[in-house]
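1. predicted coordinates and the sequence they were generated for:
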Amino acid sequence: MTRSDPSSVDVALDRQVDPVADAEKYRRVLLGLVGDRDPAQVQAELADDLDAMVREAGAHLRTRPAPGEWSVLEVLAHILDAEITSAARYRWILAQ
């Protein structure tokens, strides 16, 4: 699946996928968002991408670009929350 493949883009844009009820479709959503890039490289570049996003937003960190979309600050908070949750889950898995 590559970023240029229209079906992967359509799947990646499907935000209604239930990760529990349809794990395979959810996996395809995530891979569609990464496209043909190496997931490890995407993760390695995240800090720089977030830094650039904050710099570009400047004084508009709290401004939502459109109704129903998230502000830069909300995106950052979501990523931080996901990182904390994932770290806890990793520890719980290792403890079991």
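-> Looks like it came in fine.
2. low-confidence ranges, this protein, go.
-> Counting by pLDDT under 70, the chain contains low-confidence residues at 1-15.
3. name the residues that touch the lengthiest helix in it?
-> As assigned by DSSP state H, the longest helix anywhere in the chain is helix 72-95. Residues outside helix 72-95 that contact it (Cβ atoms under 8 Å, 6 or more residues apart in numbering): 46, 50, 53-54, 57, 60-64, 70. For every residue, glycine as well, the C-beta is placed using N, CA and C.
4. could you rerun that using 6 Å?
-> Contact with helix 72-95 is made by 53, 57, 61-62, as judged by Cβ atoms under 6 Å, 6 or more residues apart in numbering.
5. among these, name the buried ones.
-> A57 (16 or more other Cβ atoms under 10 Å).
6. check the gap between T85 and R27 for me.
-> Distance from T85 to R27, counting by Cβ to Cβ, to the nearest Å: 18 Å.
7. what of H78?
-> Look at H78 and R27: by Cβ to Cβ, they are 20 Å apart.
8. which residues does V17 contact?
-> V17 neighbours (Cβ under 6 Å, 6+ apart): 25-26, 29.
9. show me the helices in the chain, by range?
-> Counting by DSSP H, the helices of the chain are 6-12, 23-34, 39-57, 72-95.
10. before we move on, back to that, closest to Q96 among the contacts of helix 72-95?
-> Ranked by distance to Q96 (Cβ to Cβ), the contacts of helix 72-95 are led by M53 at 36.1 Å.
11. state the distance from the nearest residue to the closest one once chain neighbours are set aside to R55.
-> Sequence neighbours aside, V72 is the residue nearest to M53 in space, at 5.7 Å (criterion: Cβ to Cβ, 6 or more residues apart in numbering). Between V72 and R55 the computed distance is 10 Å (Cβ to Cβ).
12. more neighbours: those two, which one.
-> V72 (19 against 8; other Cβ atoms under 10 Å).
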